[in-house]
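> heads up, no residue letters with this:
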């Protein structure tokens with residue numbers, strides 16, 4: 001962090017839902033990650049965003065992401 005074109009996450013071992021939102025709560029992108037996937041963010045303008053991950057077991061994680 002910060003990221004330029006893509007987000008690469010370690011520790012993803014199962015299909016994981018993700019969403020990227022602005023700090024005001026507007027969802028800009030969402031999808032499903034599989035192990036070793038990356039999240040392309042080229043189309044998102046530079047700024048601070050919230051990445052929310054939800055595993056198949058329902059556990060959630062929230063991370064702040066900076067896009068350059």
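Good, I have the coordinates. This is a predicted model, so every value here is computed, not measured.
> please report how far the residue nearest the centre of the chain lies from residue 32.
The chain has residue 51 as the residue nearest its centroid, 4.1 Å off, counting by CA atoms, centre = their mean. Plainly put, residue 51 is 14 Å away from residue 32 if you go by CB to CB, to the nearest Å. Bear in mind the C-beta positions are built from the backbone N, C-alpha and C, glycine included.
> outside of the host helix or strand of residue 65, which residues touch it?
Assigned by DSSP states H and E, residue 65 belongs to strand 60-67. Contact with strand 60-67 is made by 1-4, 7, 20, 41, 44-54, as judged by CB atoms under 8 Å, 6 or more residues apart in numbering.
> can you pull out the strands in the protein?
6-8, 16-22, 27-33, 38-40, 47-55, 60-67 (DSSP state E).
> before we move on, back to that, any buried residues in the strand holding residue 65, and which?
By 16 or more other CB atoms under 10 Å, the buried positions in strand 60-67 come out as 65, 67.
> gap between it and the chain center?
With CA atoms, centre = their mean, to the nearest Å as the basis, strand 60-67 stands 6 Å off its chain's centre.
> got the angle between it and strand 47-55?
150 degrees (axes from the mean of the first three to the mean of the last three CA atoms, to 10 degrees).
> for strand 60-67, give the mean pLDDT please.
For strand 60-67, mean pLDDT is 95.
> okay, the angle between it and strand 16-22?
Using the same axes, to 10 degrees, strand 60-67 lies at 50 degrees relative to strand 16-22.
> picking up where we left off before, shared neighbours of residue 51 and residue 32, anything?
By CB under 8 Å, 6+ apart, the residues touching both residue 51 and residue 32 are residue 18.
> let me know the outermost residue of this protein.
For the chain, the residue at maximal distance from the C-alpha centroid (CA atoms, centre = their mean) is residue 57, at 17.8 Å.
> report how many residues lie close to the residue nearest to residue 28 when sequence neighbours are not counted.
Nearest non-adjacent residue to residue 28, counting by CB to CB, 6 or more residues apart in numbering: residue 20, 5.2 Å away. Neighbour count of residue 20, defined by other CB atoms under 10 Å: 20.
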